[in-house]
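Undergrad: I would like the atomic coordinates for the input below:
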Amino acid sequence: MLLDAVWILPLAAGVVALVFAGVLGGRFLARRRPYEAVWIVALVMYAVASFALFLGVLDGWSTGEFRVYWALGAILNVPWLFLGELYLLVGTRWMVDVLLVILLFLTAFAIAEVRTATLHMDALAKGLPLGKEVFGDGSVSYRLAQFYAYPAYVLLVGACGWSAWRMRRRPQLRGGFIGTLLIAVGATVVAVGSGIGAGLEVVWVFSVGLLAGIAVMFWGFLRASRPMPRPSSAA
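TA: Got it, this is the predicted structure:
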């Protein structure tokens, strides 16, 4: 039964994220576009966090697995996705470069904080440990997920919505319009699925959200990156 092998879901989510990153990697080598490089970083984070979740669910959580899962998945992944969206949308490159430098410092701070934080070992005995129980409700490591990921998610969905709105009446950009909306939907599936799964402490709901969300985002990217149809020449 699926519920007896729920570890398959985060494993599959990690594989999909790696395939997504590989496709982007090939495109980046050919075109050297910065948003692709930033999204590769975000997708590798997503994959590593999913693999940490897979190992934690499969044979019990170690402290290292939970730290990796929390730092890369709960805190850092969405801000890097949003930064990639900014590189795609914002014409003033230097402004986004400044944000990249800031995010690099914030990333280093978050990793250092999570790496050295005190963990409550009894909380790791659960199938899906909650950050507020593992680190403590008032701890910096727990709050970083709220300070980093929550605003970044809202901004990411807003940026995708704004981009889709600009393309809505241009038939030649229909693929980009649908693909951009799918990326926003995929991010929302991850957010809602992980929120409900964590709130109810149901591993399979959390894991379905991870897998379905990254699959929808990948589908959206493939749809958005299709070549635009060539206008037919006049007779």
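Undergrad: avg pLDDT for stretch 19-27?
TA: In this model, stretch 19-27 has a mean pLDDT of 94.
Undergrad: so for the helix or strand of the chain with the lowest mean pLDDT, what gets flagged as buried?
TA: Least confident helix or strand of the chain, by mean pLDDT, DSSP states H and E, is helix 174-200 with a mean of 87. Judged by neighbour count using 16 or more other CB atoms under 10 Å, the buried positions of helix 174-200 are 175-191, 193-194, 197-198. The way it works is simple: take the backbone N, C-alpha and C, and place the C-beta from them, glycine included.
Undergrad: same thing with stretch 65-80?
TA: 65-80.
Undergrad: in the residues you listed, find the pair that's most separated.
TA: E65 and P79 (21.7 Å; CB to CB).
Undergrad: output the below-cut-off pLDDT ranges for the chain.
TA: Along the chain, segments meeting pLDDT under 70 span 1-5, 226-235.
Undergrad: all helices of it, in order?
TA: Remark: helices assigned in the chain by DSSP state H are 8-31, 34-59, 63-68, 77-89, 93-116, 131-134, 140-167, 174-200, 203-224.
Undergrad: could those be laid out in TSV, adding distance to A123?
TA: Output for those, formatted as TSV (distance: least, CB to CB, whole Å):
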stretch	distance to A123
helix 8-31	19
helix 34-59	12
helix 63-68	9
helix 77-89	22
helix 93-116	15
helix 131-134	4
helix 140-167	11
helix 174-200	13
helix 203-224	15
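Undergrad: what's the burial count for L106?
TA: Using other CB atoms under 10 Å, L106 has 16 neighbouring residues.
Undergrad: which residue packs closest to A159, ignoring adjacent ones?
TA: Once flanking residues are discounted, A159 sits nearest to E85: 4.7 Å by CB to CB, 6 or more residues apart in numbering.
Undergrad: I figured the one you found hits Y35, correct?
TA: Yes: counting by CB atoms under 8 Å, Y35 is a contact partner of E85 at 7.2 Å.
Undergrad: quick one, which of the two is more surrounded?
TA: In terms of neighbours (other CB under 10 Å), E85 is the more surrounded of E85 and Y35; the figures are 28 against 18.
Undergrad: if I look at the more buried one, how far off is E36?
TA: 12 Å (CB to CB, to the nearest Å).
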